[in-house]
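1. A predicted structure for the sequence below; I have some questions about it.
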Amino acid sequence: MVRTKVELCGVDTASLPVLKHEEMRELFVRLQSGETWVRDELVFCNLRLVLSIVGRFSYRGEQADDLFQVGCIGLLKAIDHFDLKHNVRFSTYAVPMIIGEIRRHLRDHHALRVSRSLRDIAYKAMQAKEKFISENLYEPTIEQLAEAIEMKKEDVLYALDAIQDPLSLQEPIYSDGGDAVYIMDQLRDDDVSEDQWVAYVSVKESMQKLDERQQMILSKRFYYGETQTEIAKSLGISQAQISRLEKNAIETMQKDYKTN
């Protein structure tokens, strides 16, 4: 099997190892027993995890090397704060911290400016959130965050909302190995029903089968609201000819619509 070599920050990602749960746990036992050099091995053996998370943010247009380095900072924090007493897989604990670090980086380098006071409240809330998750293994409510940093829940909610990244319509939300599903695919217009949309597509396809002059006449009549007399004048033909051409074009589209 031929491996594809992809380098990020000088690391050949195709050669990165993956440890089993038992091997990972053994390294953490040694690390927390005082063998600090094991920390480097834990980092190296979890770079694939960082790489997989970085891929989720590829739509943002950021340099992969930059996001990889930021993700590694999140990995280091996860390694330093992981407690074997939680009895969960390290990856389960690390993923939210790596994602959080990348999102924090993207927020700090975003073109939209947020006031310093709002950022301070938001960062205090995020730090409280990380601590809460570390201790309780589930996400806190806004009320619990507000209580932890001694702020009104409305202020916390507003601050967190202010630093959220605008969502891209091209952001993937699901992929099963084939074509991804994007946010754009999940949007709908409640003012336009499915039947209306199908009718619109059918009319558009039928109109494309008309000749250029018929298309022009129908566009001027029903899109731009011009009268037959105005169209006749602009095309240099009689109003009677415009009327006949319009009638023939509509009849052609009606026949085509009924056969579809």
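-> It's in.
2. all contacts plus neighbour counts: C-alpha atoms, from now on.
-> OK.
3. low-scoring pLDDT stretches of the stretch 101-250 of the chain, where are they?
-> Applying pLDDT under 70 to the stretch 101-250 of the chain flags residues 109-115, 163-201.
4. what segments of it are helices?
-> For the stretch 101-250 of the chain, the helices defined by DSSP state H, counting those that start in this stretch occupy 116-136, 142-149, 153-162, 183-186, 194-208, 212-218, 228-235, 239-259.
5. take those helices and write them to TSV, including distance to Asp80 and mean neighbour count.
-> Formatted as TSV, the helices of the stretch 101-250 of the chain follow (distance: least, C-alpha to C-alpha, whole Å; neighbours: other C-alpha atoms under 10 Å):
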stretch	distance to Asp80	mean neighbour count
helix 116-136	12	16
helix 142-149	23	17
helix 153-162	26	16
helix 183-186	35	12
helix 194-208	53	13
helix 212-218	68	17
helix 228-235	76	15
helix 239-259	67	15
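6. for those helices, give me a markdown table that also has distance to Glu26.
-> Output for these, formatted as a markdown table (distance: least, C-alpha to C-alpha, whole Å):
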| stretch | distance to Glu26 |
| --- | --- |
| helix 116-136 | 20 |
| helix 142-149 | 34 |
| helix 153-162 | 38 |
| helix 183-186 | 41 |
| helix 194-208 | 57 |
| helix 212-218 | 74 |
| helix 228-235 | 83 |
| helix 239-259 | 69 |
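7. Gly34 - how many residues pack around it?
-> 10 (other C-alpha atoms under 10 Å).
8. if you could redo that for Ile53, that was the one I meant.
-> Counted with other C-alpha under 10 Å, the neighbours of Ile53 add up to 19.
9. and Gly236, by the same measure?
-> Count around Gly236 with other C-alpha under 10 Å applied: 9.
10. format the CA atom coordinates belonging to stretch 207-221 as CSV.
-> This file holds the C-alpha atoms of stretch 207-221, laid out as CSV (Å, rounded to 0.1, in the frame of the first residue of the first chain):
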residue,chain,number,x,y,z
MET,A,207,-38.5,29.0,-21.3
GLN,A,208,-35.0,27.9,-22.2
LYS,A,209,-36.5,25.9,-25.0
LEU,A,210,-37.9,29.0,-26.7
ASP,A,211,-36.0,30.9,-29.3
GLU,A,212,-34.1,34.0,-28.3
ARG,A,213,-36.7,36.5,-29.4
GLN,A,214,-39.6,34.7,-27.6
GLN,A,215,-37.5,34.7,-24.4
MET,A,216,-36.8,38.4,-24.7
ILE,A,217,-40.5,39.2,-25.3
LEU,A,218,-41.7,37.2,-22.2
SER,A,219,-38.9,38.7,-20.0
LYS,A,220,-39.8,42.2,-21.0
ARG,A,221,-43.6,41.5,-20.5
